[in-house]
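Q: How does the following fold in three dimensions:
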Amino acid sequence: MKKYQYRFEKVLVYREQEKTETEIEYKEAVQTFEIVATQLYDLLKKKEDTLEEQQEKMMTGFMINEIHHYSRFIESLEKRIVVTQQQVIQARSKMTWFEDKLLEKTLEVRKFEKMKEKDHEHHRTEMEQLEAIQLDELATLKFRRRENGW
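A: Below you'll find the model as predicted:
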């Protein structure tokens, strides 16, 4: 019986490697997104806390220098927030792009695996039919030998 050999095995292996590389890139993109999103959250939280602190001090009263200090600090936070928001948008789009790419690679690999399964099943059926033919031939030969008295 002939050993099964999938004719697209090298292509399947190559596609699996591509998929693995894309998975790694996707995980890195997710990590980057999480880091940048956390930075944005921290900046927004810091701005909120600073505004609350400023409001509390306004109730109790504080000097003009402190008011200027708070307003400059809040301005700088807002600038950093805008920059970080852009980074979040870029990181999200990169993450989405890799997610789409990963889905595409996964589907390609599945197609080749499905083809391999069908091809393997076809090969098995062929081998069973070939074996049945050989058994029939052997049985016929044996029967003729008995009839001929061998």
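
Q: State the distance from the residue located most distally from the centre of the chain to Gln5.
A: Ranking residues of the chain by C-alpha distance from their mean position (C-alpha atoms, centre = their mean) puts Gly149 at the top, at 70.5 Å. In this view, Gly149 and Gln5 are 45 Å apart by C-beta to C-beta, to the nearest Å. C-betas here are computed from N, CA, C, even on glycine.

Q: Backbone dihedrals for Gly61, both of them.
A: Main-chain torsions, Gly61, degrees, to the nearest 10: phi 90, psi 130.

Q: what's the neighbour count on it?
A: 7 (other C-beta atoms under 10 Å).

Q: Against Ala139, how distant is it?
A: 110 Å.

Q: same deal with Thr38?
A: 75 Å.

Q: What of Met127?
A: 19 Å.

Q: Over to Asn148?
A: For Asn148, the distance to Ala139 - C-beta to C-beta - is 15 Å.

Q: What's the first helix or strand after the helix or strand encompassing Lys27?
A: Using DSSP states H and E, Lys27 falls within helix 9-60. Next in sequence after helix 9-60, counting helices and strands by DSSP H and E, comes helix 64-148.

Q: Enumerate the residue intervals of the chain where per-residue confidence is below the cut-off.
A: Along the chain, segments meeting pLDDT under 70 span 1, 150.

Q: swap the cut-off to 90 and go again
A: Within the chain, the segments meeting pLDDT under 90 span 1-7, 53-70, 141-150.

Q: Let me see the contact set for Ala37.
A: Val88, Ala91 (C-beta atoms under 8 Å, 6 or more residues apart in numbering).

Q: Swap in 7 Å and give it another go.
A: Val88 (C-beta atoms under 7 Å, 6 or more residues apart in numbering).

Q: Ok, Val11 next?
A: Val11 sits in contact with Phe112, where contact means C-beta under 7 Å, 6+ apart.

Q: and Lys57, how many residues sit next to it?
A: Neighbours of Lys57 (other C-beta under 10 Å): 14.
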